[in-house]
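Student: here is a sequence together with a model predicted from it:
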Amino acid sequence: MTGQQRAIRWLAAGVLVLWCGVFLRAENTEKSMVRALLLTPPTVVAQSWTVGLLYQFPEAAADASDAAAQVQLCTGQGNTLQTALTEAERGLPRKASYRICEYLLLNAETTLKTIRQAETVLKEEPVQGLSARVLCMDLSGEELAAADGENELFPERLLQVVKEAAPQAPHLYESRNALLAPVLILTDGAIENAEEMLLLTETGNTRLTPAESQMAQLLLGQSGEHTFPLAGGQVTFRRCVVSVEAVEDGFAVTLTGQRRAGTALPTAVQCAALELLCVQTVQRCWENEYDLLSLGAVRALKQGTKREMLTTKKVCPQVQADVSFLQF
């Protein structure tokens, strides 16, 4: 190896070390790593936006999903979402990084129309939250700040509960017609995941009952077990196959489930109760402008036409359900 080649190799190594140092300094300890974005839109009482940032600093690495630094909360208010976001960022120790911002928490009074307004800001740099999971909080910005002031571990617990509820939460980019989101509630100063879920549409929101929430998740094909308290004991779907068929002027929904290991086969009475709950859940969502089972697409597929948009302002089509469980 000639002296010139040796010099070039040393120069290349030096440039690489310098670049790595700049990258680590820029993307690691010199950034406030935002884990979740909390939005409270204006209300009749509060005329301004409130934005909260759950963040970690300084050990939170840009590519780490479980950073070791303590989770903290800072908030800001403004007449617009952008000004409130800017105000919240002023409370950070360093410049905000949203590379691991995985969650978007909304006030329980939020509608899909409000989310549309927020998307125009979230699509811009530095916030890239369209892939974030969407959850709702049944508390105001003031209550959030008060809970944080009373308990320094509140942000840590909030993020932990959010992670636990995340598998049930939809992504923001899925909000075409409606979103079915988990709800976080504050009970005696502690944050927890409620059994009810919130259906967000363009014009309002509807809180489903615990049973309707479980059935809606089941019909949407969400993974995990789904348990229903019924007469004679609980019935748990370990897995379930849902099929929808257009029949005459209505639809037939078939649920074929696998029960939890070691449990008794559900009785005919319990299956009938689940069938009734299935129909009620589809109708309830329909009445609140959400075609839960994409009935319009099912009818269009049978007719061989383009996707049919069944307006939810009309009476819900007739739906019949059949629930059965495998013998094993």
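Tutor: Happy to help now that I have it.

Student: for burial, what's the neighbour tally of residue 199?
Tutor: Residue 199 has 23 neighbouring residues, counting by other Cβ atoms under 10 Å. Just so you know, the C-beta spots here come from the backbone N, C-alpha and C atoms, and that holds for glycine as well.

Student: you'd agree it is in a strand?
Tutor: Yes: judged by DSSP: H, G, I helix; E, B strand; the rest coil, residue 199 forms part of a strand.

Student: please name the residues that touch the nearest residue to it once chain neighbours are set aside.
Tutor: Spatial nearest neighbour of residue 199, chain neighbours left out: residue 206 (4.5 Å); criterion: Cβ to Cβ, 6 or more residues apart in numbering. The neighbours of residue 206, taking Cβ atoms under 8 Å, 6 or more residues apart in numbering as the test, are 198, 199, 284, 288.

Student: swap in residue 266?
Tutor: 230, 235, 259, 274, 325.

Student: just the ones of these in strands?
Tutor: Among the contacts of residue 266, the subset assigned to strands under DSSP state E consists of 230, 235, 259, 325.

Student: so what's the last one bridging to?
Tutor: Same thing as residue 325. residue 257 (DSSP bridges).

Student: report pLDDT for it.
Tutor: At residue 325, the predicted lDDT confidence score is 94.

Student: next, count neighbours for it.
Tutor: Residue 325 has 20 neighbouring residues, counting by other Cβ under 10 Å.

Student: same thing with residue 217?
Tutor: Around residue 217 there are 21 residues (other Cβ under 10 Å).

Student: output the contacts of residue 266 as a markdown table; include the columns distance to residue 92.
Tutor: Conversion of the contacts of residue 266 to a markdown table gives the following (distance: Cβ to Cβ, whole Å):
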| residue | distance to residue 92 |
| --- | --- |
| 230 | 49 |
| 235 | 48 |
| 259 | 49 |
| 274 | 49 |
| 325 | 52 |
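
Student: quick check, nearest of those residues to residue 301?
Tutor: Checking the contacts of residue 266 against residue 301 with Cβ to Cβ, the nearest one is residue 274 at 25.8 Å.
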